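here is the input, now give the coordinates:
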Amino acid sequence: AYLRWGVSCLKHLVGDFAFAIWDAPRSQLFLARDPVGIRQLYYTRHGRRLLFANDIKAILRVLPQQPSPNQTLLKQVLALNPQAWITQTAYTGIAKLPPGHHLLAGRKVKVARYYGVEGMPAVQDRSDQDCIEQFREAFTAAVSSRLSSSTTAGLVVSGGVDSSSVTAITAATLGTSGQRGQVPMLYSYAGKDCSDCDDWPYLQQLLARYPGWNSTLIDGDALWALKQTAADRGYTASEPEIDLTTRGWMDVAHAAGRAGNRVLLTGHGGDEVMLGDAYHNTGLLGHLPVSDQRREWQYFKAARRSSSLRLLLSGIIKPAAMAGMPPVLRKHLRTWKQQNAIPRWLCTDSALRSDAEAGVEAGNESVYGETFGDRPTLLQGTGYRLALGGPHQRAFSSIDQAAGHHQVEFRYPFYDTRLIELLASFPLRMFFRNGATKWILREITRGLLPNSLRNRTSFCTNPVSYTHLRAHETNDLISYAVIGLK
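Predicted structure coming up:
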């Protein structure tokens, strides 16, 4: 692809990647990272050399001395504002190539963005049936393209509609392509200590639907001791952890590695690209036609536990006022809100510097914040933007590193850019109606999943586990997450 199109080859690639190509005729190094940032790519300058790797530990091993901590990033993380993690790391001088960017290193080092929301299609009003058929085709392509592996793929099932839908499409794909001999392994959590996190009943429904499939249950009661992970899973955090449920992913990777599964498909990303929290986002209300606002009003009120007056102010009047505000004023307002979110005891000059000022590296002409320009429509790039946020990027980094230790690769069908671009063109009614979120996803799995599972609206493992952590070694966990940089 590079020989044919050069740097433009990135527009023709599908999937998750981070790679380096040495172009000898041009004496130029070409680095690139996938649009969502699933795979990692770190780099730093050392003298006249440019060091790069997909694991930050590889760079740390070759440097003559360990870099000093990145105080700017650590202060923002402590302030629960980890956006700097998109381009920076916990070490001064070591940067991350941002998602959807490439780097050219010749006489100069230049970072540029090749993918963003600007090229995504505008919202097009079309019939429900047309949307359903187009989405079914795109989602099937996203799942089937990620099943490719030298070994049988595994599936991480949380019991929610996202991972269950991936499972259903996988079953349909293997059946229609004559690959029924490839029996996937299902991985799920099961625990007695936190009964709300036990997805075994939902896994049983899937197994009953697809007899002959195998399953492995991860002991949910052992997932809380993140501080012990280094000892029993061979994983030591190279940067502070902010997602305390990462331990669950590590245990799945460990089990899959032992079973010989090298690829694991998950439903991660479904909430982001399918507006899973639609009824908690009152800003969506003002973007609905008046007739739809009347129908959905009661569901927004119930989800937000809000009065009609407060819903009117937050869902219609405030968004309208923001939309009529000059772009410069909106930008200053966002900056002011971000700065005021940081506790005063952390408010030093360095703590308040933006990503661009803190500097990926002197001389870079690309400012990552440009990716977040004003979008023409509410849905355009919604899931993509959420995936690019600091918390998601740190989680991808952690999961990628932990999985790599067990020679396992997590893959995320919902973060297929073809799927994201299609969803950006759908009207809002495809995502939520009559109190149900992810409406179109539930429609394409009609007949493929048991109705009790397809229509599930209760929380599954991860959201509940955050709350449950409060009763399990909270102080030790936070100490390890923040201070345990080894």
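
give the contact list for the residue positioned nearest the centre of the chain.
Central residue of the chain (Cα atoms, centre = their mean): Ala387, 4.1 Å from the mean position. Applying Cβ atoms under 8 Å, 6 or more residues apart in numbering, we find Ala387 in contact with Val36, Gly37, Pro99, Gly269, Glu272, Tyr415. To be clear about C-beta, it is placed using only N, CA and C from the backbone, and glycine gets the same treatment.

among the residues you listed, which one has the lowest pLDDT?
Minimum pLDDT for the contacts of Ala387 is recorded at Glu272 (86).

and Val399, how many neighbours does it have?
Not Val; residue 399 is Ile. The tally of other residues near Ile399 (other Cβ atoms under 10 Å) stands at 24.

was I right about it contacting Phe410?
Yes - if you go by Cβ atoms under 8 Å, Ile399 and Phe410 touch, sitting 5.8 Å apart.

wait, what's in contact with Val36?
Val36 makes contact with Asp16, Pro99, Gly100, Tyr384, Ala387, Leu388, Tyr412, Tyr415, Thr417, according to Cβ under 8 Å, 6+ apart.

residues contacting the lengthiest helix in the chain, please?
Using DSSP state H to define each element, the chain has its longest helix at helix 128-145. For helix 128-145, the external contacting residues (Cβ under 8 Å, 6+ apart) are 14-15, 165-166, 169-170, 172-173, 177, 265, 413-414, 416, 418-419, 422-423, 426-427, 429-430, 440-441, 443-444.

which one of the contacts of Val36 has the most neighbours?
For the contacts of Val36, counting by other Cβ under 10 Å, the largest number of neighbours falls to Tyr415: 28 neighbours.

OK, contacts around it?
Tyr415 neighbours (Cβ under 8 Å, 6+ apart): Asp16, Val36, Ile38, His268, Gly269, Val273, Gly383, Ala387.

can you tell me how far the fourth one sits from Thr152?
What it means is His268. 20 Å (Cβ to Cβ, to the nearest Å).

the first one now?
Using Cβ to Cβ, one gets 20 Å for the distance from Asp16 to Thr152.

let me know how buried the closest residue to Gly106 other than its chain neighbours is, in neighbour terms.
Among residues not flanking Gly106 along the chain, Gln28 sits closest, at 4.3 Å (Cβ to Cβ, 6 or more residues apart in numbering). Neighbours of Gln28 under the rule other Cβ under 10 Å: 14.

how far away is Gln28 from Lys11?
19 Å.

cool, Leu309 as well?
With distances taken as Cβ to Cβ, Leu309 is found 49 Å from Lys11.

who's more crowded, those two?
Per other Cβ under 10 Å, whichever of Leu309 and Lys11 has more neighbours is Lys11, with 11 against 8.

who's in contact with the more buried one?
Per Cβ under 8 Å, 6+ apart, neighbours of Lys11: Trp5, Tyr114.

got phi/psi on it?
Per-residue torsions, Lys11: phi -70, psi -10 (degrees, to the nearest 10).

quick one, grab the pLDDT at it.
pLDDT for Lys11: 90.

just the one 10 residues further on next, same as before
In the predicted model, Ile21 carries a pLDDT score of 97.

quick one: what helix or strand has it in it?
Using DSSP states H and E, Ile21 sits within strand 18-23.

for whatever helix or strand comes next after that strand, what is the distance to the chain centroid?
Next in sequence after strand 18-23, counting helices and strands by DSSP H and E, comes strand 28-33. With Cα atoms, centre = their mean, to the nearest Å as the basis, strand 28-33 stands 23 Å off its chain's centre.

got the angle between strand 28-33 and strand 18-23?
Angle, strand 28-33 to strand 18-23, by axes from the mean of the first three to the mean of the last three Cα atoms, to 10 degrees: 170 degrees.

could you identify the helix or strand that succeeds the strand or helix carrying Gln393?
Take DSSP H and E as the rule and Gln393 turns out to sit in helix 390-405. Counting by DSSP H and E, the next helix or strand C-terminal to helix 390-405 is strand 409-411.
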